[in-house]
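In: The following block contains a protein sequence and its predicted model.
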Amino acid sequence: IQIMSLENDIRRGLAEGEFFMLYQPIFDLNANTLSGFEALMRWRHPVRGLVSPSEFIPVAEESGSIFELGNFALVQACGEMAGAMARYPAAAGLTLSVNLSPRQFSRPGLTEQIDQALTSTKLPPAALVLEITESSIMKHPESSANILERLKQRGVSIALDDFGTGYSSLSALQRLPLDRLKIDMSFVARITDSAEDREIVRAAITLAQSLHLVTVAEGIETAAQSEVLRGLGCALGQGFLC
């Protein structure tokens, strides 16, 4: 019953304009300069206050309202980024990362949806990075490669999210037209204390470099973590420290 009421609430909340986007900065770890932002969706519920995405996203995935939510996030974020670029010429080279859920990624018409968002908001395709989780790509690597290829033809970039938590094979990774590899925050959190985690991150960065991918570390919270990541050759980072 609670899930059903949350499901109805999500649709109502979308209609009432209760969902909004926040932007987490992504920094170049070497130059210590702003590189772009990741768009994160939040829900300001009239009764419950701020509802965590970890609570509403799984329900939306299950019920199918993830398509409306995902489209809202995409169009809203592209529009706000395009507006910022128009106001601040210095923002010209920045990127906007938007997450695609597994169901969004596997649904027909995704490329048309991306086209429409870029056209209606006038965001340059080169500014958009689509983040896709390892698990949603690896279920069907062949068809995923085709979808990603079509998206890449639009001029957008593709980031593989939560890398290290899934089960991607190296041969599958090689065949996918990726641009970025995102190192999961669970590894970053332990990078200063655990030699094992440090080696996992080192291996991920080495792999990414051999595939000519940009590495992005998530969840950086301390200067020490940032220092280790820089030493390992990680290009970009995001998190509370940044």
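Out: Thanks, I have it. Numbers count the residues shown, from 1 in each chain.

In: Of all the residues in the helix or strand of the chain with the lowest mean pLDDT, which ones are buried?
Out: None of the helices or strands of the chain scores lower by mean pLDDT, DSSP states H and E than helix 170-175, at a mean of 77. For helix 170-175, burial by neighbour count (16 or more other CB atoms under 10 Å) applies to Ala172, Leu173. All C-beta spots, glycine's among them, are computed from the backbone N, C-alpha and C.

In: after it, next one along is what?
Out: strand 180-183 (DSSP states H and E).

In: what's in contact with that following strand?
Out: Here strand 180-183 makes contact (CB atoms under 8 Å, 6 or more residues apart in numbering) with 129, 131, 157-164, 201, 204-205, 207-208, 211, 213-218, 234, 236.

In: Show the buried residues in the residues you listed.
Out: If we count by 16+ other CB under 10 Å, the contacts of strand 180-183 have these buried: 129, 131, 157-164, 201, 204-205, 207-208, 213-218, 234, 236.

In: what about the protein, any weak spots by pLDDT?
Out: Along the chain, the parts satisfying pLDDT under 70 run over 1-4, 164-169.

In: just the strands in it please.
Out: 19-28, 33-45, 49-51, 95-100, 128-133, 157-163, 180-183, 214-217, 236-238 (DSSP state E).

In: Hey, what's the angle from the fourth one to strand 19-28? Just curious.
Out: Between strand 95-100 and strand 19-28, the angle comes out at 130 degrees (axes from the mean of the first three to the mean of the last three CA atoms, to 10 degrees).

In: With the second one instead?
Out: Our comparison of strand 33-45 with strand 19-28, counting by the same axes, to 10 degrees, yields an angle of 160 degrees.

In: helices or strands up against strand 33-45?
Out: Using 3 or more CB pairs under 8 Å, 6 or more residues apart in numbering; DSSP states H and E, the elements in contact with strand 33-45 are helix 2-16, strand 19-28, strand 49-51, helix 53-63, helix 66-87, strand 95-100.

In: Would you reformat the ones you listed as JSON lines and include mean neighbour count and distance to Ser106?
Out: Formatted as JSON lines, the helices and strands packed on strand 33-45 follow (neighbours: other CB atoms under 10 Å; distance: least, CB to CB, whole Å):
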{"stretch": "helix 2-16", "mean neighbour count": "14", "distance to Ser106": "20"}
{"stretch": "strand 19-28", "mean neighbour count": "17", "distance to Ser106": "23"}
{"stretch": "strand 49-51", "mean neighbour count": "12", "distance to Ser106": "25"}
{"stretch": "helix 53-63", "mean neighbour count": "16", "distance to Ser106": "11"}
{"stretch": "helix 66-87", "mean neighbour count": "19", "distance to Ser106": "11"}
{"stretch": "strand 95-100", "mean neighbour count": "24", "distance to Ser106": "10"}
